[in-house]
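K.L.:
sequence unknown, structure follows:
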């Protein structure tokens, strides 16, 4: 009876060891997981090392890197998108005249389109994150700049159509509302990038 009592815990321990080992996906078993060779050498069959801790550590580090890049882009883009669209919203008539000048001076449109495409593609390449309000705004701004640059490079006549559409009161109000939305987004990015972390939390 005593021998049977000693065998039952051992069998239960072996079953628990098998279940804990089987729970690890293939190729993800910890370095200290027992093998037949370890058992033959007298290793502890109940010894189990973490399964997938390295992946969790990599996930945490990648998340920290994403937050760091979002913070830096918020610092750089926040003040720009807060001040420039706000000033443009106060001068919508001058903005319409600027759009019409692209027909007279095509090299200016090409240079502006190249600069916008470069800035947008840089944001897209370096900041591919869509988790959190600030990260989503920055990623959307990157795509917006890139698309705007492509339109200026390949189809500058779109600006002429836009200038004609924005000439009326409805178009002017829509443009002003869009610019104010960009200014609010820039103000939020400025807060995220420059406010103390204790205040943001």
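P.N.:
Nice, thanks for sending it over. Nothing here was measured: the structure is a model prediction, and the numbers come from that model. Numbers count the residues shown, from 1 in each chain.
K.L.:
drop to CA atoms for contacts and neighbour counts, all remaining ones
P.N.:
Noted.
K.L.:
okay, helices next: where are they in the chain?
P.N.:
Secondary structure of the chain by DSSP state H: the helices cover 2-22, 36-40, 53-89, 92-104, 106-126, 133-154, 157-165, 169-194, 197-200.
K.L.:
quick check: domain ranges of this structure?
P.N.:
The record assigns the chain these domain ranges, following automatic domain parsing: 2-40, 64-200.
K.L.:
turn those into a markdown table, columns for mean neighbour count and mean pLDDT.
P.N.:
Listed next are these as a markdown table, based on neighbours: other Cα atoms under 10 Å; pLDDT from 0 to 100:
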| stretch | mean neighbour count | mean pLDDT |
| --- | --- | --- |
| domain 2-40 | 12 | 46 |
| domain 64-200 | 17 | 87 |
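K.L.:
from residue 163, how far off is residue 101?
P.N.:
10 Å (Cα to Cα, to the nearest Å).
K.L.:
that should have said residue 62, apologies.
P.N.:
According to Cα to Cα, residue 62 stands 44 Å off from residue 163.
K.L.:
again, but for residue 104
P.N.:
Taking Cα to Cα, one finds residue 104 at 14 Å from residue 163.
K.L.:
what residues are up against the residue nearest to residue 69 when sequence neighbours are not counted?
P.N.:
Counting by Cα to Cα, 6 or more residues apart in numbering, the nearest residue to residue 69 once its immediate chain neighbours are dropped is residue 127, at 6.9 Å. By Cα atoms under 8 Å, 6 or more residues apart in numbering, the contact list for residue 127 reads 66, 69-70, 138-139.
K.L.:
cool, residue 171 as well?
P.N.:
So residue 171 contacts residue 165 (Cα under 8 Å, 6+ apart).
K.L.:
what's the answer for the one 5 residues further on, then?
P.N.:
Counting by Cα under 8 Å, 6+ apart, residue 176 makes contact with 89-90, 92.
K.L.:
do that again at 7 Å, thanks
P.N.:
residue 89 (Cα atoms under 7 Å, 6 or more residues apart in numbering).
K.L.:
return the distance of it relative to residue 128.
P.N.:
29 Å.
K.L.:
please apply the same query to residue 71.
P.N.:
Using Cα to Cα, which is the criterion applied here, residue 71 is 13 Å from residue 128.
K.L.:
so how far is residue 92 from the closest residue in space to residue 143 that isn't next to it in sequence?
P.N.:
Computed as Cα to Cα, 6+ apart, the closest residue to residue 143 that is not its neighbour in sequence is residue 120, at 5.9 Å. Per Cα to Cα, residue 120 is found 24 Å from residue 92.
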